[in-house]
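Enquirer: Output the structure for:
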Amino acid sequence: MSDWTWEQIEQLTRAFALILLQAGTPQEAAPLPEASERAIDLWVAHFANEDPPYPLPVDPLQKRGLLARMRYASTFASQCRIAGNPPIPNATEAIALETMLIDYWYETAKPRWLAGERGIKVAEN
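Expert: Residues are numbered from 1 along each chain as shown. Model prediction:
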């Protein structure tokens, strides 16, 4: 098992945020229904562990929530890379993505997003 670097996480999450933005995903910060949050968690788990890649959600609320998660994960990974933090130990791509897009989301990013704080804009990242 190899360590997934912050740069790899940053690049992947930034790329997905750009895809969602180009698809016209709304960016407002507003609470999502619990069912949408669970559906996003399921999407992340499937996406991280599937080959070929799992398709993007079509529900606008899920896309909005996924965009927020991707932007915060990209911002956090960028900050860790710049600070020289070591990678997530023994993390495969799946573990790294699930850690950033589920665990980090609920523990840190979601409260900030709902309070109106924004992750760095993808274009600035």
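Enquirer: Other residues contacting the lowest-mean-pLDDT helix or strand in the chain?
Expert: Using mean pLDDT, DSSP states H and E, helix 93-98 stands out as the lowest-scoring helix or strand of the chain, at a mean of 83. Identification of contacts with helix 93-98 by CB atoms under 8 Å, 6 or more residues apart in numbering yields 4, 8-9, 12, 44-45, 47-49, 88. The way it works is simple: take the backbone N, C-alpha and C, and place the C-beta from them, glycine included.
Enquirer: Next: stretch 32-52.
Expert: 53-54, 57, 59, 61-62, 64-66, 69, 93-95, 97-98, 101-102.
Enquirer: Recalculate using a threshold of 10 Å.
Expert: Contact with stretch 32-52 is made by 16, 31, 53-57, 59-66, 68-70, 92-102, 105-106, 110, 114, as judged by CB atoms under 10 Å, 6 or more residues apart in numbering.
Enquirer: for the protein, what spans make up the helices?
Expert: With helices called from DSSP state H, the chain shows them at 6-22, 34-49, 60-83, 93-98, 104, 110-114.
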